[in-house]
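Trainee: build the 3D model from these lines:
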Amino acid sequence: MSKVNSAYSQERKKYLSNNPMCHAKIYKCTQRATDVHHKKGRGKYHLDTSTWLPVCRNCHDWIETHPEDAKELGFSEIRI
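Mentor: As a prediction, this is how the structure comes out:
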């Protein structure tokens, strides 16, 4: 698991560098992406950047606490 975490840390840093703005822009957005939201969860999609969404901390918290609304807005996907 440490290999996966190391790879994730490197990919996350690169991803946020290339995507510096929050893509959610919903709840008290700070505009600056500091987090990666995993739209399909971490599991097998943990390193799949096509399922990542750059978000600020406020928007990320909102997405996590409002899962049904987040799905409707396209910020989360069904996790099967």
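Trainee: so where do the helices sit in this structure?
Mentor: Per DSSP state H, the chain has helices spanning 2-18, 57-65, 67-72. These are given in chain order.
Trainee: deepest in the core, which of these is it.
Mentor: Counting by mean count of other Cβ atoms under 10 Å, helix 57-65 has the highest mean neighbour count of the helices of the chain, with a mean of 18. Bear in mind the C-beta positions are built from the backbone N, C-alpha and C, glycine included.
Trainee: circling back: what's the closest of the helices of the chain to K40?
Mentor: When the helices of the chain are compared by Cβ to Cβ, helix 67-72 sits nearest K40, at 11.2 Å.
Trainee: neighbouring contacts of that closest one?
Mentor: Applying Cβ atoms under 8 Å, 6 or more residues apart in numbering, the external contacts of helix 67-72 come out as 62-64, 76-78.
Trainee: which residue, other than its chain neighbours, is closest to A24?
Mentor: Here the nearest residue to A24 in space, its sequence neighbours aside, is C59; by Cβ to Cβ, 6 or more residues apart in numbering that works out to 3.8 Å.
Trainee: ok, that neighbour - contacts?
Mentor: By Cβ under 8 Å, 6+ apart, C59 lies in contact with 22, 24-29.
Trainee: switch the cut-off to 10 Å
Mentor: Residues in contact with C59 (Cβ atoms under 10 Å, 6 or more residues apart in numbering) are 22-31, 33-35, 37, 53, 70, 75.
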